[in-house]
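Student: model the following, please.
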Amino acid sequence: MVKAIRIHKPGGPDAMVFEDVQVKPPGPGEAYIRQTAVGVNFIDIYFRSGAYPLPSLPHGLGTEGAGVVEAVGSGVTEVSVGDRVAYAGGPPGSYAEKRMIPASMLVKLPKAIDDRTAAAIMLQGMTARYLLKQTYPVKKGDVVLVQAAAGGMGLWLCQWAKALGATVIGTASTDEKAALARKHGCKYPIVYTREDFVARVKEITGGKGVQAVYDGVGKDTFLKSLECLAIRGHLVLYGAASGQPDPIAPAILTSKSASLTRPTLFHYIATRKDLLANAADVFAAVKDGIVKVQKPKEYALKDAGAAHKDLAGRKTTGSIILIP
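Tutor: Model (predicted):
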């Protein structure tokens, strides 16, 4: 038996139960890993609340973690017993001391990346990589807007976009968060609680708007993000921390010939080749100092409910991890 966080029905943070679970031996293509650190992300809240359905109940939560391979099933060639590994994606269930996972989802960790860092960067790092290099490939000279620039994803986007040659505008709720975003590559942080960020973006860009908006907030910012776009600009809606935006008529995009996309990481790492290429780029960005990773905020595994409350309440910056 191992300890794990599971939900028996959708609900708030209190729906999460810290309990004993039985883990079967690995089957064909599976790996059994002892987890040393677990990532916490907004997608976990979506699964917990029922916004995203789980395949069955009761069920574990979490899609990101790092640890050591303890056993593998037949046919596994991707990893071996004793390998340090990390992952982002696959079936929810990372909020656990140990877990089973398809071996094809695992990436071997280089010596330069410790386990806690790995658990903090896999989902956010790989998301930033596909958003900036594939969904809308940022070019030198672009001006981009990052919503929630001081959050874990925001800090990744600000730093990497700057390294790619873009001028970064970002929104934040407080002066402290604005200062943090500036420190991490955001040239023009906007405190949206006292400034109209649409007006400020137009002022910064001389009325032209930005080539791309990276918006993980959703409902509260969606329409204003559209207003910030330049002609033929791109709104990349990659999350919905404040809820899903209301439906729109496609004609709303006409005035700027704007593009709207709602991508998800798992379509960009669906093949083993794409997963390894993305992860390698993320590890290199950290190793080379392109992206400086804040020390993640740590919670004990049993305190996952507190981590969810703080994440949803925007009381944190950077990444959150659970320690089994």
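Student: show me the helices in the protein, by range?
Tutor: 42-49, 115-130, 152-163, 175-183, 197-204, 222-227, 265-268, 272-287, 304-312 (DSSP state H).
Student: let's have these in a markdown table, adding distance to Ile190 and mean pLDDT.
Tutor: All C-beta spots, glycine's among them, are computed from the backbone N, C-alpha and C. Formatted as a markdown table, the helices of the chain follow (distance: least, CB to CB, whole Å; pLDDT from 0 to 100):
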| stretch | distance to Ile190 | mean pLDDT |
| --- | --- | --- |
| helix 42-49 | 22 | 93 |
| helix 115-130 | 20 | 96 |
| helix 152-163 | 12 | 96 |
| helix 175-183 | 7 | 96 |
| helix 197-204 | 5 | 98 |
| helix 222-227 | 11 | 97 |
| helix 265-268 | 27 | 95 |
| helix 272-287 | 25 | 97 |
| helix 304-312 | 22 | 94 |
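Student: for Pro28, find the nearest of those.
Tutor: Proximity to Pro28 (CB to CB) singles out helix 272-287 among the helices of the chain, at 16.2 Å.
Student: of all the residues in the closest one, which ones are buried?
Tutor: Neighbour counts using 16 or more other CB atoms under 10 Å place Leu275, Asn278, Ala279, Asp281, Val282, Phe283, Ala285, Val286 of helix 272-287 among the buried residues.
Student: let's have the helices of the chain in TSV, adding distance to Leu57.
Tutor: Compiled in TSV, the helices of the chain are given as follows (distance: least, CB to CB, whole Å):
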stretch	distance to Leu57
helix 42-49	11
helix 115-130	23
helix 152-163	28
helix 175-183	36
helix 197-204	40
helix 222-227	31
helix 265-268	22
helix 272-287	29
helix 304-312	17
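Student: out of these, the one nearest Leu322 is which?
Tutor: helix 304-312 (5.8 Å).
Student: what about Ser246, how many residues nearby?
Tutor: Quick fix: residue 246 reads Asp, not Ser. 8 (other CB atoms under 10 Å).
Student: which residues does it contact?
Tutor: Lys219, Phe222 (CB atoms under 8 Å, 6 or more residues apart in numbering).
Student: separation between it and Ala258?
Tutor: Distance, Asp246 to Ala258, by CB to CB, to the nearest Å: 17 Å.
Student: before we move on, what about Leu109?
Tutor: 40 Å.
Student: equivalent analysis for Phe42, please.
Tutor: Distance check for Phe42 against Ala258: by CB to CB, it reads 25 Å.
Student: buried set for stretch 136-150?
Tutor: Tyr136, Val138, Asp142, Val143, Val144, Leu145, Val146, Gln147, Ala148, Ala149, Ala150.
Student: returning to that earlier point: more neighbours: Leu109 and Ala258, which one.
Tutor: The neighbour comparison of Leu109 against Ala258 (other CB under 10 Å) goes to Leu109, with 21 against 18.
Student: pretty sure Met16 sits against Gly305.
Tutor: Yes: counting by CB atoms under 8 Å, Gly305 is a contact partner of Met16 at 5.2 Å.
Student: comparing those two, which shows the higher neighbour count?
Tutor: It is Met16, of Met16 and Gly305, that has more neighbours when counted by other CB under 10 Å, with 23 against 18.
Student: tell me the bridge partners for the more buried one.
Tutor: Ile7 (DSSP bridges).
Student: center of this protein - which residue?
Tutor: By CA atoms, centre = their mean, the mean C-alpha position of the chain lies nearest to Gln124, the distance being 3.4 Å.
Student: can you tell me how far it is from Ala118?
Tutor: The value you get for Gln124 to Ala118, if CB to CB is used, is 11 Å.
Student: please apply the same query to Ala277.
Tutor: From Ala277 to Ala118 the distance is 17 Å (CB to CB).
Student: so for stretch 69-83, mean pLDDT?
Tutor: What stretch 69-83 shows for mean pLDDT is 98.
Student: same question for that stretch: list its buried residues.
Tutor: Neighbour-count burial for stretch 69-83, with 16+ other CB under 10 Å as criterion, is recorded at Val69, Val72, Gly73, Val76, Glu78, Val79, Asp83.
Student: how about the fifth one: what's its closest non-neighbour residue?
Tutor: Pointing back at Glu78 there. Leaving aside its sequence neighbours, Glu78 sits nearest to Ala103 (CB to CB, 6 or more residues apart in numbering; 4.6 Å).
Student: that neighbour contacts Ile33, doesn't it?
Tutor: No: with contact defined as CB under 8 Å, Ala103 does not count as touching Ile33 (9.6 Å).
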